[in-house]
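Asks: kindly generate the corresponding structure for this input.
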Amino acid sequence: MRLTSKLCAQHIGFMFKKHWHVQGKRVARSTGAIEELKAHGIEVKDPEEVIGLKRPFVEFELFKQKPIDTSSYVDCHDFGNDNVLVEGLSQAQIITNSIVVDELPEKISSSIEKTEISSATKQNIHRAILASCVFDAYQEKLPKIKVPGKPMYNLPRIYGIPVNRKCELLISKLLFECEKLAASNISQQNKLVNDAYFEVFLQKNDNLIRLNVKADSLLLSKTTIEPFSGTFEGNVPDIFPMNFTIGLPKIQIPKNELNPFTGIISNYFPHIVFSHFSPEEVTNLYKTPVKTNQLQGRTLLKAFAAAYTKATMMYGNKTKDLEKPLVVQSIHTDGKQFHFGIFQLNTTNLSDSNETKNIWFQTPLFNLYDVCEYQKGQPILDGFNPELFKILNVFYNNS
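Replies: Presented below is the predicted three-dimensional model:
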């Protein structure tokens, strides 16, 4: 026999079930309303005849989906803000027709060596790092922690400051320290813009490439940086048998370029492009760990997008060698590790046959600190590197 729940004599659930069972068998009694209506000559119809009446369907143009006009759509290879190039810096060189110099120009290097930082400034930078990476009150659930080689481990989620917020706070505080050390005429001609979007279409040989990237922070200046003169040796690498479009998905989109230099900042020049790196958001196409040369290539493309956009505003969309090269500085960081670079745009003609090459100066990756976290309930900052601030300060005052 099947075991059921124990029922008492006055079980309320049983009573309600029996009540609905009995009431469901009731038969509607005649109230005499129908006979009375017929006696007065009023027609009575069956409800099923009225409910089942089919009315003609009226189609409204408002709800009709309009066909999409694809006449302005183009096929192109897309590089987004959340992915990196497969071949990293070498592939970025081919796309931008650039040579790489693994050091900063002599003018910048000598300025860095001459720069001296006072103990008060070092203390302010020390406080800025702690305020951005430890003391900030904003908390959210951080991404899941993965153990390499053991994906089955489900570690507890922790709350903390997200990477993008750390970078944004740290950059603004470091720029504030640079502004205090700079002359008043330099600080007054600079303007900081957050989330500047660039959408650039490049014609490289027979391929159309779209750079859809974002400068998380963009420092603008009323004056352009003087180009660097001299002879710089280097060659554009060859990644044969791979094509330079490897890893760039092909899509069909309308050709609408996005230019942040509009309105009150139309007369400003890009000075420093700041890019944030979060390993959870910026990934390879095949979900493999991002390499150092891929970070360097991302820094290069961000600077190139800003310089190319401004060059097309000044000299038009026709590809040619520029009368006066445009120089844009670029900084890539995850809040701890910094990569500095300077891009000099000499030409907008990216064809392989063009002998005029663009130049990319870069430094190795530097750590601003080794450890910055809470340990046993106390804020700890170890391995603080004040020399990194010298480079940022020289970039800020470069003109």
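Asks: give me phi/psi at residue 312?
Replies: In terms of degrees, to the nearest 10, the main-chain angles of residue 312 are phi -70, psi -30.
Asks: contacting residues for it?
Replies: Residue 312 makes contact with residue 348 under the criterion CB atoms under 8 Å, 6 or more residues apart in numbering. The way it works is simple: take the backbone N, C-alpha and C, and place the C-beta from them, glycine included.
Asks: how long is stretch 275-282 end to end?
Replies: The first residue of stretch 275-282 is 11 Å away from its last residue (CA to CA, to the nearest Å).
Asks: repeat that for stretch 328-337.
Replies: Across its full length, stretch 328-337 reaches 20 Å end to end, with CA to CA as the criterion.
Asks: now swap in stretch 151-162 and tell me
Replies: Taking CA to CA, the span from the opening residue of stretch 151-162 to its closing residue is 23 Å.
Asks: what does stretch 367-379 give?
Replies: When the termini of stretch 367-379 are compared using CA to CA, they are 19 Å apart.
Asks: let me see the ranges of the helices in the chain.
Replies: Counting by DSSP state H, the chain forms helices over residues 12-23, 33-39, 47-51, 89-96, 106-114, 119-133, 163-181, 184-188, 292-315, 387-397, given from the N-terminal end onward.
Asks: let me have those in TSV, extended by mean pLDDT and distance to residue 337.
Replies: Shown next, in TSV, are those (pLDDT from 0 to 100; distance: least, CB to CB, whole Å):
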stretch	mean pLDDT	distance to residue 337
helix 12-23	80	66
helix 33-39	88	86
helix 47-51	77	71
helix 89-96	96	16
helix 106-114	95	19
helix 119-133	96	13
helix 163-181	95	11
helix 184-188	89	27
helix 292-315	95	9
helix 387-397	95	10
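Asks: who wins for proximity to residue 245 among those?
Replies: In this view, those are compared for proximity to residue 245 by CB to CB, and helix 89-96 is the closest at 8.5 Å.
Asks: which residues outside that closest one are in contact with it?
Replies: Around helix 89-96, the neighbours that count as contacts under CB under 8 Å, 6+ apart are 85, 98-100, 202, 204, 209, 236-237, 239, 244, 246-247, 293-294, 296-298, 300-301, 304, 350, 358, 360.
Asks: drop anything exposed from these.
Replies: By the neighbour-count criterion of 16 or more other CB atoms under 10 Å, the contacts of helix 89-96 include these buried positions: 85, 98-100, 202, 204, 209, 236, 244, 247, 293-294, 296-298, 300-301, 304, 350, 358, 360.
Asks: okay, and for the chain, where does confidence drop off?
Replies: Scanning the chain for pLDDT under 70 picks out the ranges 1-2, 5-10, 53, 60-65.
Asks: center of it, which residue is that?
Replies: The chain has residue 81 as the residue nearest its centroid, 4.9 Å off, counting by CA atoms, centre = their mean.
Asks: in this structure that residue contacts residue 216, no?
Replies: No: distance between residue 81 and residue 216: 9.3 Å, which falls outside the contact criterion (CB atoms under 8 Å).
Asks: need the strands for the stretch 151-300 of the chain, in chain order.
Replies: With DSSP state E, counting those that start in this stretch as the criterion, the stretch 151-300 of the chain has strands at 159-160, 190-204, 207-221, 250-254, 269-276.
Asks: and the ones you listed: which comes nearest residue 38?
Replies: Between residue 38 and the strands of the stretch 151-300 of the chain, the shortest gap by CB to CB is with strand 250-254, which sits at 68.9 Å.
Asks: who touches that closest one?
Replies: 70, 72-78, 210.
Asks: just the buried members of the residues you listed?
Replies: Burial by neighbour count, 16+ other CB under 10 Å: within these this picks out 76-77, 210.
Asks: out of the residues you listed, the closest to residue 132 would be?
Replies: The shortest gap between residue 132 and any of the buried ones among the contacts of strand 250-254 belongs to residue 210, at 33.4 Å (CB to CB).
Asks: what about the closest one, distance to residue 170?
Replies: Using CB to CB, to the nearest Å, residue 210 is found at 31 Å from residue 170.
Asks: surely residue 221 is in contact with residue 265?
Replies: No: here residue 221 lies out of contact with residue 265, judged by CB under 8 Å, at a distance of 10.5 Å.
Asks: could I get the buried residue list for stretch 192-201?
Replies: Of the residues in stretch 192-201, 192, 196, 198-201 count as buried by neighbour count, 16+ other CB under 10 Å.
Asks: which two of those have the greatest separation?
Replies: 192 and 201 (27.3 Å).
Asks: re the thing from before, quick one: the buried ones among the contacts of strand 250-254 as CSV, columns for distance to residue 147 too.
Replies: Converted to CSV, the buried ones among the contacts of strand 250-254 look like this (distance: CB to CB, whole Å):
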residue, distance to residue 147
76, 39
77, 35
210, 37
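Asks: count of neighbours near the nearest residue to residue 342 once chain neighbours are set aside?
Replies: In space, and not counting its chain neighbours, residue 342 is closest to residue 361: 4.3 Å by CB to CB, 6 or more residues apart in numbering. Taking other CB atoms under 10 Å as the neighbour definition, residue 361 ends up with a count of 21.
Asks: same question, the one 3 residues further on
Replies: Other residues lying near residue 364 total 10 when counted by other CB under 10 Å.
Asks: and the end-to-end length of stretch 69-85?
Replies: Stretch 69-85 stretches 32 Å from its first residue to its last (CA to CA).
Asks: I meant stretch 355-367, not that one.
Replies: Taking CA to CA, the first and last residues of stretch 355-367 lie 37 Å apart.
Asks: same check on stretch 235-247?
Replies: Criterion CA to CA; first-to-last residue distance in stretch 235-247 is 23 Å.
Asks: also stretch 306-322?
Replies: Its start and end residues considered, stretch 306-322 measures 15 Å (CA to CA).
Asks: show me what counts as buried in it.
Replies: Going through stretch 306-322 with 16+ other CB under 10 Å, the ones that come out buried are 306-312, 315, 319, 322.
Asks: quick one: which of those is nearest to residue 108?
Replies: For the buried residues of stretch 306-322, the minimum distance to residue 108 (CB to CB) is 16.9 Å, reached by residue 307.
Asks: you'd agree that closest one is up against residue 347?
Replies: No: using CB under 8 Å, residue 307 is not in contact with residue 347; the gap is 11.1 Å.
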